[in-house]
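**Student:** Give me coordinates for this.
(one chain, ligands or ions: 1)
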Amino acid sequence: MVSLEVSWAQCTPGGYHWSMTTTTFHVQGMTCGHCVAAVREEIGRLAGVSDVEVDLATGRVDVTSEMPVPRSSVADAVDEAGYSLTD
Ligand SMILES: [Cu+2]
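**Tutor:** Got it, this is the predicted structure:
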């Protein structure tokens, strides 16, 4: 009975973050804050994406989403913003 209660407790969606996933991409060509804003905006439009973190210095882009975002979708979004993925 105790183990049943424990497993039930673990299945209760007490937090939302547990189902979120973060995928890292690298974008080349960004040179300033406007570039960062453009990339963030385009990737942010993708279905399921809840947050986009961009590091201008390294070109690193961390995409937080409910489901893993297809690389092709991110590549298209980045391309739409005028840049491209490097890895
Ligand atoms: Cu720029």
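**Student:** ok, now which ones touch residue 46?
**Tutor:** Taking CB atoms under 8 Å, 6 or more residues apart in numbering, we find residue 46 in contact with 63, 65, 69, 73, 74, 77. All C-beta spots, glycine's among them, are computed from the backbone N, C-alpha and C.
**Student:** let's see it at 10 Å
**Tutor:** Applying CB atoms under 10 Å, 6 or more residues apart in numbering to residue 46 gives the contacts 52, 63, 65, 69, 70, 73, 74, 76, 77.
**Student:** Quick check, the second one in contact with residue 42.
**Tutor:** I take that to be residue 63. No. Contact between residue 63 and residue 42 fails when scored by CB atoms under 10 Å: they sit 11.2 Å apart.
**Student:** Those two: who's more crowded?
**Tutor:** When neighbours are counted by other CB atoms under 10 Å, residue 63 and residue 42 differ, and residue 63 comes out ahead with 25 against 19.
**Student:** what is that one paired to in the beta sheet?
**Tutor:** Counting by DSSP bridges, residue 63 forms beta bridges with residue 23, residue 52.
**Student:** what residues are up against it?
**Tutor:** If you count contacts by CB under 10 Å, 6+ apart, then residue 63 has 21-25, 40, 43-44, 46, 48-54, 69, 73-74, 77 around it.
**Student:** so of those, which ones are in helices?
**Tutor:** 40, 43, 44, 73, 74, 77 (DSSP state H).
**Student:** Intersect the residues you listed with the contacts of the ion.
**Tutor:** Subset of these in contact with the ion: empty, counting by CB under 5 Å from the ion.
**Student:** Drop anything exposed from the residues you listed.
**Tutor:** 40, 43, 73, 74, 77 (16 or more other CB atoms under 10 Å).
**Student:** Mind picking the two most distant members of those?
**Tutor:** 40 and 73 (15.0 Å; CB to CB).
**Student:** per-residue pLDDT, residue 51?
**Tutor:** What the model reports as pLDDT for residue 51 is 97.
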